[in-house]
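Asker: have a look; sequence and predicted model below, questions after that.
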Amino acid sequence: MKKTDRIFIAGHNGLVGSSILELLKKRGFKNLITVNRKKLDLRKFNDVVKYFKKRKIDYMVMAAARAGGIIANSSNQKEFFLDNIEIQNSLLKLAHEKKIKRTIFLGTSCIYPKFSKTPISEESLLTGTLEKTNQCYAIAKIAGIKLCEALHDDYKQDIICLMPTNVYGERDNFSKINGHVIPAMISKFEEAKKKGLGNVKLLGTGKPLREFIHSRDLAMAIFTCLKVKKALLNKKFDFKLPILNVGTKEEISIKNLSQLIKKYIGYRGKIKFDKSSPDGTYRKNLNSDKIINLGWSPQISFKDGLKEVIDNRKK
């Protein structure tokens, strides 16, 4: 991989895409290709092919996706399924037609069965029933992995599939309704403090355990996989499609997470959990030994990363 290589970052304005874009710029990569969704709808393959007809691409990071928290997933199942399927199909077909040197496909820990043995290994894929609240998103991502597998097996397409745990960071979607658990919770506490509310209502029991990764750590994992030599991948994975979990081995309960956010924001009211709301999967920490063996490891502790996100919102 050379500093002059042309790298297409799909979804460069999102949480993960913006982090890898920033990292590559800092590392001196100049030929970074980005395109706004208003200019190019990645769901439409013919438009994607036309846009890139005269543009060379050496590497691609697939960070474009429709994602959200438990409410967004369960309330918009059709959109989460179709949008992600169509984006993935367009980009993976583009990778094949343009003979891109390496593609990074970003999945999710949601692909694994609800009752997987923890820490969850990559081999757990398709061994059981999915969590119902995000199954459409998960199935779309599983379909993407299988298309990656077909392109790898039939055409020797160089693709690495990364399955990150729950991602958080400064450029997240802080919607109280559609955001993931951390940004949605932060917004609820910020609003309660600003309005002087006596309590904050949160979904579920607070008992589930979650593993979180900062978007900058995930960006470094992506960078590691962009530049790792093919010979090493072949040696490690015996010519199979590499599917790699990306986690931190740090876990925290939703209840303790809420207490941390309350503390960092400086909210003095009470926390109430709506036990009638779904919890989702109780525990889904990942076994990330494979990517760690490629030389990557997380650098940002969860407490430090969370405090940084909250402090930056106060500025």
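Answerer: Thanks, I have the structure now.
Asker: quick check: the gap between Asp172 and Ser187.
Answerer: For Asp172, the distance to Ser187 (C-beta to C-beta, to the nearest Å) stands at 10 Å. All C-beta spots, glycine's among them, are computed from the backbone N, C-alpha and C.
Asker: between those two, what contacts are shared?
Answerer: Among the neighbours of Asp172, those also in contact with Ser187 (C-beta atoms under 8 Å, 6 or more residues apart in numbering) are Gly179.
Asker: what helix or strand is the nearest residue to His152 once chain neighbours are set aside located in?
Answerer: Using C-beta to C-beta, 6 or more residues apart in numbering and skipping the chain neighbours, the partner closest in space to His152 is Leu241 (4.3 Å). Counting by DSSP states H and E, no helix or strand carries Leu241.
Asker: residue contacts, Leu241?
Answerer: Contacts here follow C-beta under 8 Å, 6+ apart; on that basis Leu241 touches Ile145, Cys148, Glu149, His152, Asp153, Ile159, Cys161.
Asker: in which helix or strand does the fifth one reside?
Answerer: Here Asp153 is covered by helix 135-155, with elements defined by DSSP H and E.
Asker: which helices and strands sit right next to that helix?
Answerer: Applying 3 or more C-beta pairs under 8 Å, 6 or more residues apart in numbering; DSSP states H and E, we find helix 135-155 packed against helix 77-97, strand 102-106, strand 159-164.
Asker: same thing but 10 Å
Answerer: Counting contacts by 3 or more C-beta pairs under 10 Å, 6 or more residues apart in numbering; DSSP states H and E, helix 135-155 is packed against helix 70-75, helix 77-97, strand 102-106, strand 159-164, strand 243-246.
Asker: pLDDT below threshold where in the stretch 151-300 of the chain?
Answerer: Counting by pLDDT under 70, not a single residue of the stretch 151-300 of the chain qualifies.
Asker: quick check: closest non-adjacent residue to Lys78.
Answerer: Nearest residue to Lys78 in three dimensions, chain neighbours excluded: Cys136, at 7.4 Å (C-beta to C-beta, 6+ apart).
Asker: just Gly295 next, same as before
Answerer: With sequence-adjacent residues excluded and distances taken as C-beta to C-beta, 6+ apart, Gly295 is closest to Thr224, at 6.1 Å.
Asker: counting neighbours, what do you get for that neighbour?
Answerer: Residues lying near Thr224 (other C-beta atoms under 10 Å) number 18.
Asker: with Trp296 as the reference, measure out to it.
Answerer: Remark: distance between Thr224 and Trp296 (C-beta to C-beta) = 4 Å.
Asker: Lys255 now?
Answerer: The spacing between Lys255 and Trp296, counted by C-beta to C-beta, is 30 Å.
Asker: which residue ranges of this structure form strands?
Answerer: For the chain, strands defined by DSSP state E occupy the ranges 7-10, 32-33, 59-62, 102-106, 159-164, 166-168, 199-203, 209-210, 212-214, 243-246, 252-253, 270-274.
Asker: out of the ones you listed, which comes closest to Lys132?
Answerer: Taking C-beta to C-beta as the measure, the strands of the chain were each checked against Lys132, and strand 199-203 came out nearest at 15.2 Å.
Asker: which other helices and strands does that closest one contact?
Answerer: For strand 199-203, the contact count by 3+ C-beta pairs under 10 Å, 6+ apart identifies helix 181-195, helix 254-265, strand 270-274 as packing neighbours.
Asker: and the second one, how far out from the chain's middle?
Answerer: It refers to helix 254-265. A distance of 22 Å separates the C-alpha centroid of helix 254-265 from that of its chain, computed with C-alpha atoms, centre = their mean, to the nearest Å.
Asker: now for that helix, which elements pack on it?
Answerer: In this structure, helix 254-265 makes packing contacts with helix 181-195, strand 199-203, strand 209-210, strand 252-253, strand 270-274, helix 302-314, judged by 3+ C-beta pairs under 10 Å, 6+ apart.
Asker: in CSV: these, plus mean neighbour count and distance to Gly128.
Answerer: Output for the helices and strands packed on helix 254-265, formatted as CSV (neighbours: other C-beta atoms under 10 Å; distance: least, C-beta to C-beta, whole Å):
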stretch, mean neighbour count, distance to Gly128
helix 181-195, 19, 23
strand 199-203, 18, 24
strand 209-210, 20, 19
strand 252-253, 16, 23
strand 270-274, 15, 27
helix 302-314, 16, 28
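Asker: CSV for the ones you listed, including distance to Tyr112?
Answerer: Formatted as CSV, the entries for these read as follows, by distance: least, C-beta to C-beta, whole Å:
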stretch, distance to Tyr112
helix 181-195, 18
strand 199-203, 22
strand 209-210, 14
strand 252-253, 19
strand 270-274, 25
helix 302-314, 21
